[in-house]
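1. kindly generate the corresponding structure for this input.
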Amino acid sequence: MSTDPSDPGHGHSPAAWTAVIIMLVAFAAGTVFFWLDMPVLVWASAGVLLLGWITGGVLAKAGYGVGGSKTVAKEH
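-> Sure, this is the predicted structure:
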């Protein structure tokens, strides 16, 4: 564990969890659609993947990221 105050953490934040869950669902759906030979839905899944990345950034800027104003630091 780092004691460096500039260490951004390991993504234990609502923003990170939300982004990762959206992107995992999109990746899994895209894989299934690729296997079923549905190219339009594969590309739609790629769009949802990008949407997850954007959502994580927006939530982090809104204060839900690591060390954000709307998150509570957990003591270990």
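2. need the contact list for the residue nearest the centre of the chain.
-> The centroid of the chain falls nearest to A19 when counting by C-alpha atoms, centre = their mean (1.7 Å). Neighbouring residues of A19 by C-beta atoms under 8 Å, 6 or more residues apart in numbering: G52, W53, T55, G56, G57, L59. C-beta coordinates here come from the backbone N, C-alpha and C atoms, glycine included.
3. repeat for L41
-> Counting by C-beta under 8 Å, 6+ apart, L41 has contacts A29, G30, F33.
4. now Y64
-> Y64 makes contact with S13, P14, A15, T18, K70, T71, according to C-beta under 8 Å, 6+ apart.
5. for those residues, which one is nearest V40?
-> T18 (25.9 Å; C-beta to C-beta).
6. average model confidence for the helix or strand the closest one falls within?
-> Applying DSSP states H and E as the criterion places T18 in helix 14-35. Average pLDDT, helix 14-35: 96.
7. buried set for it?
-> For helix 14-35, a neighbour-count test (16 or more other C-beta atoms under 10 Å) marks P14, A15, A16, T18, A19, I22, M23, A26, A29, G30, F33 as buried.
8. could I get the residues you listed as a markdown table with distance to G65?
-> Output for these, formatted as a markdown table (distance: C-beta to C-beta, whole Å):
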| residue | distance to G65 |
| --- | --- |
| P14 | 8 |
| A15 | 5 |
| A16 | 7 |
| T18 | 11 |
| A19 | 10 |
| I22 | 15 |
| M23 | 16 |
| A26 | 21 |
| A29 | 26 |
| G30 | 26 |
| F33 | 31 |
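9. name the nearest of those residues relative to V48.
-> Of all the buried residues of helix 14-35, A26 has the smallest distance to V48: 3.9 Å, by C-beta to C-beta.
10. could you check how far that closest one is from G68?
-> For A26, the distance to G68 equals 24 Å [C-beta to C-beta, to the nearest Å].
11. for A29, same thing?
-> A29 is 29 Å from G68, where distance means C-beta to C-beta.
12. likewise A46?
-> Distance, A46 to G68, by C-beta to C-beta: 28 Å.
13. with A28 instead?
-> For A28, the distance to G68 equals 28 Å [C-beta to C-beta].
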